[in-house]
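> the sequence and its predicted three-dimensional model are supplied below.
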Amino acid sequence: MQYVELVAVLAVLQFLFFGVMTGKAREKYGVKAPSVAGHEGFERMYRVQMNTLEMLIVFMPVLFIAANYWSSVVVAGIGLVFVIGRFMYWRAYVTEPSKRGTGFMLTLIPSLVLIVLSVVGIVMSILEGQA
Amino acid sequence: MQYVELVAVLAVLQFLFFGVMTGKAREKYGVKAPSVAGHEGFERMYRVQMNTLEMLIVFMPVLFIAANYWSSVVVAGIGLVFVIGRFMYWRAYVTEPSKRGTGFMLTLIPSLVLIVLSVVGIVMSILEGQA
Amino acid sequence: MQYVELVAVLAVLQFLFFGVMTGKAREKYGVKAPSVAGHEGFERMYRVQMNTLEMLIVFMPVLFIAANYWSSVVVAGIGLVFVIGRFMYWRAYVTEPSKRGTGFMLTLIPSLVLIVLSVVGIVMSILEGQA
């Protein structure tokens, strides 16, 4: 389970880093709090942060649920793809938003795989309990 | 615990579905990323997604904490009400926003019940440990 | 682990309370759903809620991961500082936004401490397993 926890901490650190970058973009593009609009440069970074928040609420539960049923090294590996995909998504969104698709897919697909692993693991475990 | 995990995965899948619908609304109403405003049709769907995100950060922890102290079938059942309530909230918000109250209450009340079950379970367990 | 769970429930209750205050600010300043802009009074409260959501997705996982490796009373104590910091952040943001720094640091620092405790705990546990 330690490798899965390590990936979870990595994902959380990445999200904090995106938060710092959003704060910097706020200053750089002169978007004063509490406003979250006004300059596309800031809005792109803010969307990276928000989209990552949306993906993390999916990723975190299924990362740990999947690890209850499958090899924690495999689950941690899938989680690592998520983190790498998020970095690609960030780089693309702030430079060339139209190219953010690859990074997005590399966070969506690992999440879907973890969901499938979770469901299969849970259902198999329920069926075994009844056998 | 498997039934509780199954409900957690269901809630996460529902949230992903809301994300897909927000993406579709973006295209349909011509709201270009990174903007999140400009057409009420899009803004309603976006609010469904964001409000669900806000509720999930409450729901997920107390779902699993409550399941540490009470019957996992009962806790999973309460969680299922949350998911059904979210579907009602979504249908109402995109068609008749003023009627979203029922669906909202059906996600708020299960969350509050899980909070109460968590607190009672924790406090009873602390008192037992000291007895 | 019960004290850690209690702090998690407390953080979740605080977030629900911020949600209620955002709803009240919506009415008070006449910002009609689905809009989330239009009056600074509302926007400040909304930012408190959103920033708390952003911090909770960091806080929740590392609170429980750290508690797997360290004294749950110590971890719960650090978590309590997070909750108190959030209250200070809220009070400052709605009255004098420029003074929200202290409250923010009192939620950021406990989160960073929990991250460090998690990483050290995980790495020590991996090394022990290989020894």
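Received, thanks.
> what parts of chain A come near chain C?
A:2-3, A:5-6, A:8-9, A:12-13, A:15-16, A:19, A:33-37, A:49, A:53, A:56-57, A:60 (Cβ under 8 Å from any Cβ of the partner chain). Quick note: C-beta positions are derived from backbone N, CA and C, even for glycine.
> 10 Å instead?
For chain A, the contact set with chain C under Cβ under 10 Å from any Cβ of the partner chain comprises A:1-6, A:8-13, A:15-16, A:18-19, A:22, A:32-37, A:49-50, A:52-54, A:56-57, A:59-61, A:63-64.
> which of those residues are buried?
When those are checked for burial by 16 or more other Cβ atoms under 10 Å in any protein chain shown, the buried set is A:2-6, A:8-13, A:15-16, A:18-19, A:22, A:34, A:36, A:49-50, A:52-54, A:56-57, A:59-61, A:63-64.
> rewinding a little: keep the residues of chain A next to chain C, but drop any that are not near chain B.
A:36-37, A:50, A:53-54, A:56-57, A:59-61, A:64.
> now, the most widely separated pair of those residues?
A:Ala37 and A:Phe64 (35.2 Å; Cβ to Cβ).
> A:Ala11 contacts A:Thr52, doesn't it?
Yes. Counting by Cβ atoms under 10 Å, A:Ala11 does reach A:Thr52; the two are 8.6 Å apart.
> any residues in contact with both of those two?
A:59, A:86, A:107, C:57 (Cβ atoms under 10 Å, 6 or more residues apart in numbering or on different chains).
> which residues touch the third one?
For A:Thr107, the set of contacting residues under the criterion of Cβ under 10 Å, 6+ apart consists of A:11, A:51-52, A:55-56, A:58-59, A:81-89.
> and what of the last one?
Contacts for C:Ile57 were tallied using Cβ under 10 Å, 6+ apart; they are A:11-12, A:15-16, A:52-54, A:56-57, A:59-60, B:53, B:56-57.
> and the host helix or strand of it, how far from the chain's centre?
Using DSSP states H and E, C:Ile57 maps to helix C:40-67. With Cα atoms, centre = their mean, to the nearest Å as the basis, helix C:40-67 stands 4 Å off its chain's centre.
> next, the angle from the helix or strand just after that helix to helix C:40-67.
As assigned by DSSP H and E, the chain's next helix or strand after helix C:40-67 is helix C:72-95. Helix C:72-95 and helix C:40-67 are oriented at 170 degrees to each other (axes from the mean of the first three to the mean of the last three Cα atoms, to 10 degrees).
> how about helix C:72-95, does it reach chain A?
Yes. Counting by Cβ under 10 Å from any Cβ, chain A has neighbours in helix C:72-95: C:Tyr93.
> so which elements touch that helix?
With contacts defined as 3 or more Cβ pairs under 10 Å, 6 or more residues apart in numbering or on different chains; DSSP states H and E, helix C:72-95 has these neighbours: helix C:2-28, helix C:40-67, helix C:101-130.
> other SSEs contacting the first one?
For helix C:2-28, the contact count by 3+ Cβ pairs under 10 Å, 6+ apart identifies helix B:40-67, helix B:101-130, helix C:40-67, helix C:72-95 as packing neighbours.
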